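> The amino acid sequence is not available; the structure is as follows:
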């Protein structure tokens, strides 16, 4: 039959490529509005990066990586996911020394030796975001909100947010032992993959699609019952913020994701028409990965979307990018921080590019960052403004400012008077 594309790969022909361009433009516009910057990393990396970052006990490292020796006898691997490479670049180029939170996004091909099926290939493409440098639950809520914005803009309506917490290292260690103790008597009844994972990576058994294993897992201890007080508090804050943003979710105590680096928040967006392969976006927090790869202690969170699956489902939504923020949100105090996040998301939905300061630092330092951001206006909410449901609107070029009600800021007349038409 002649030469063909390798099994598990495919050509994207011109007639289809237009849909990819629409998807990319849509994502770029939404992420630009939230002040995320694009990063590109190499398609292949040192094998040790993925062994250390993803975890040698994972299926990706153990079974699915494309690894080869180059002519210098170095072990290299085609990247199976995007986060490890972004973290390596973050450390190598000292992005942490620039101060503040790094909001990054990437798009490109990944490679895993998996069984090809509809929407899943051995060379596939992912869109991903990474927020490095913030342990604030607002970062969790923001990345989830942005993922939902992208999915909705692409025409996906039947999507469900599945949410869980996998706790921190100590929480997971206690739970791991409880899970092994529970599953060991059932070892002979587990499917072969789960038997292999029982002592190597037992949390992955929770993801098994085997009906018999699922029935056993349904009665297993719940990870949520092993969370420390601080882990539980973080999870409750994330849920509260999602509710304030109007984002519905379902708690799924068996959701653990497939990578060893996850901590605390884990989530997936699932689309009903894809059945058992319905995950169109997945991610979570990874507060120790930067340190484990040789960088400073840096909390972080991110997600990735498989573009092939989105292409199967998306509608026609061409967009134009807008990289410079219009508005920069500065807050101090718990109520102010919550109101600032909700206000920013509402303004993004109205077409503005809005960056929220997550630093928790003084007003002075936050205002310095606002002036460097390129925004024309700064929205300042302190404890007094939060109590009164108002906001100080500051013109960054002149330094003039005016206090207005948040409701007026969100009205068409109020926005036109304060900012002019964007």
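Happy to help now that I have it. Note that the structure is a prediction, hence the values are computed from the model and not measured.
> per the record, what domains does the protein have?
Dividing the chain into domains by automatic domain parsing, as the record does, gives the ranges 14-168+228-313, 169-224, 327-419.
> And the ones you listed: which comes nearest residue 8?
domain 14-168+228-313 (2.8 Å; CB to CB). C-beta here means a position set from N, CA and C on the backbone, and glycine is covered the same way.
> Quick one: mean pLDDT over the closest one.
Average pLDDT, domain 14-168+228-313: 91.
> Torsion angles phi and psi at residue 404?
Note on residue 404: backbone dihedrals following degrees, to the nearest 10 are phi -140, psi 160.
> brain fart, residue 54
Dihedral angles for residue 54 - degrees, to the nearest 10 - are phi -80, psi -40.
> The domains of the chain into TSV, with extra columns for mean neighbour count and distance to residue 6?
Below are the domains of the chain laid out as TSV (neighbours: other CB atoms under 10 Å; distance: least, CB to CB, whole Å):
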stretch	mean neighbour count	distance to residue 6
domain 14-168+228-313	19	7
domain 169-224	16	25
domain 327-419	18	41
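> got TSV for the ones you listed, with distance to residue 4 too?
Converted to TSV, these look like this (distance: least, CB to CB, whole Å):
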stretch	distance to residue 4
domain 14-168+228-313	13
domain 169-224	30
domain 327-419	44
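> wait, which of those domains is closest to residue 5?
That would be, of these and by CB to CB, domain 14-168+228-313, which comes in at 9.1 Å.
> before we move on, back to that, which of the domains of the chain sits closest to residue 2?
Nearest to residue 2, of the domains of the chain and by CB to CB, is domain 14-168+228-313 at 20.1 Å.
> how about the strands in the stretch 151-300 of the chain?
Here the stretch 151-300 of the chain has its strands, by DSSP state E, counting those that start in this stretch, at 159-165, 250-251, 263-271, 279-285, 300-306.
> Save the ones you listed as TSV, and put in distance to residue 19 too.
Shown next, in TSV, are the strands of the stretch 151-300 of the chain (distance: least, CB to CB, whole Å):
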stretch	distance to residue 19
strand 159-165	18
strand 250-251	30
strand 263-271	17
strand 279-285	15
strand 300-306	14
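> Out of those strands, the one nearest residue 30 is which?
The nearest among the strands of the stretch 151-300 of the chain, by CB to CB, is strand 300-306 at 11.9 Å.
> hmm, who's touching that closest one?
81-83, 86-87, 119-120, 124-134, 139-140, 143-144, 147, 150-151, 265, 267, 279-287, 289-290 (CB atoms under 8 Å, 6 or more residues apart in numbering).
> let's see it at 6 Å
By CB atoms under 6 Å, 6 or more residues apart in numbering, the surrounding residues in contact with strand 300-306 are 83, 126-132, 139-140, 143, 147, 281, 283, 285-286.
> how far does it sit from the chain's center?
3 Å (CA atoms, centre = their mean, to the nearest Å).
> again, but for stretch 152-172
For stretch 152-172, the distance to the chain centre is 9 Å (CA atoms, centre = their mean).
> quick one: contacts for residue 291?
Contacts of residue 291 (CB under 6 Å, 6+ apart): residue 297.
> Helices of the stretch 301-422 of the chain, start to end?
Secondary structure of the stretch 301-422 of the chain (DSSP state H, counting those that start in this stretch): helices located at 307-313, 334-349, 363-372, 383-388, 406-410, 412-419.
> of all those, which lies closest to residue 33?
Per CB to CB, nearest to residue 33 of the helices of the stretch 301-422 of the chain: helix 334-349, 4.9 Å.
> picking that back up, flag whichever of the helices of the stretch 301-422 of the chain has the least confidence on average.
Checking each of those, the one with the poorest mean pLDDT is helix 412-419, at a mean of 82.
> contacting residues around that helix?
Applying CB under 6 Å, 6+ apart, the set of residues contacting helix 412-419 is 393, 408.
> before we move on, the earlier item: can you flag which of the contacts of strand 300-306 belong to strands?
126, 127, 128, 129, 130, 131, 132, 281, 283, 285 (DSSP state E).
> Distance to residue 407 added to these, as CSV?
Converted to CSV, those look like this (distance: CB to CB, whole Å):
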residue, distance to residue 407
126, 39
127, 35
128, 36
129, 30
130, 34
131, 29
132, 35
281, 32
283, 33
285, 33
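> Closest one to residue 344 out of these, please.
For these, the nearest to residue 344 is residue 131 (14.2 Å; CB to CB).
> So what pairs up with the closest one in the strands?
residue 103, residue 301 (DSSP bridges).
> Can you report how many residues neighbour the closest residue to residue 352 other than its chain neighbours?
Leaving aside its chain neighbours, residue 352 sits nearest to residue 326 (4.7 Å; criterion: CB to CB, 6 or more residues apart in numbering). Around residue 326 there are 20 other residues, counting by other CB atoms under 10 Å.
> for the chain, which helix is longest?
helix 14-33 (DSSP state H).
> From the contact counts, what lies against it?
helix 137-153 (3 or more CB pairs under 6 Å, 6 or more residues apart in numbering; DSSP states H and E).
> thought residue 237 was touching residue 137?
Yes: the criterion here is CB atoms under 6 Å, and residue 237 meets it with residue 137 at 3.9 Å.
> Same list, the helices of the stretch 301-422 of the chain, but as JSON lines with distance to residue 173 please.
JSON lines is the format used below for those (distance: least, CB to CB, whole Å):
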{"stretch": "helix 307-313", "distance to residue 173": "34"}
{"stretch": "helix 334-349", "distance to residue 173": "31"}
{"stretch": "helix 363-372", "distance to residue 173": "37"}
{"stretch": "helix 383-388", "distance to residue 173": "39"}
{"stretch": "helix 406-410", "distance to residue 173": "44"}
{"stretch": "helix 412-419", "distance to residue 173": "51"}
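> Figure out which of those is closest to residue 104.
helix 363-372 (16.8 Å).
> Can you work out which other helices and strands pack against that closest one?
strand 327-331.
> switch to 10 Å and redo it
strand 327-331, strand 377-381, strand 390-395 (3 or more CB pairs under 10 Å, 6 or more residues apart in numbering; DSSP states H and E).
> what residues does the longest one touch?
In this structure, residues lying in contact with strand 390-395 by CB atoms under 10 Å, 6 or more residues apart in numbering are 327-331, 336, 339-340, 343, 367, 370-371, 375-382, 384-385, 400-410, 414, 418-419.
> gap between it and the chain center?
Distance of strand 390-395 from its chain centroid, counting by CA atoms, centre = their mean, is 30 Å.
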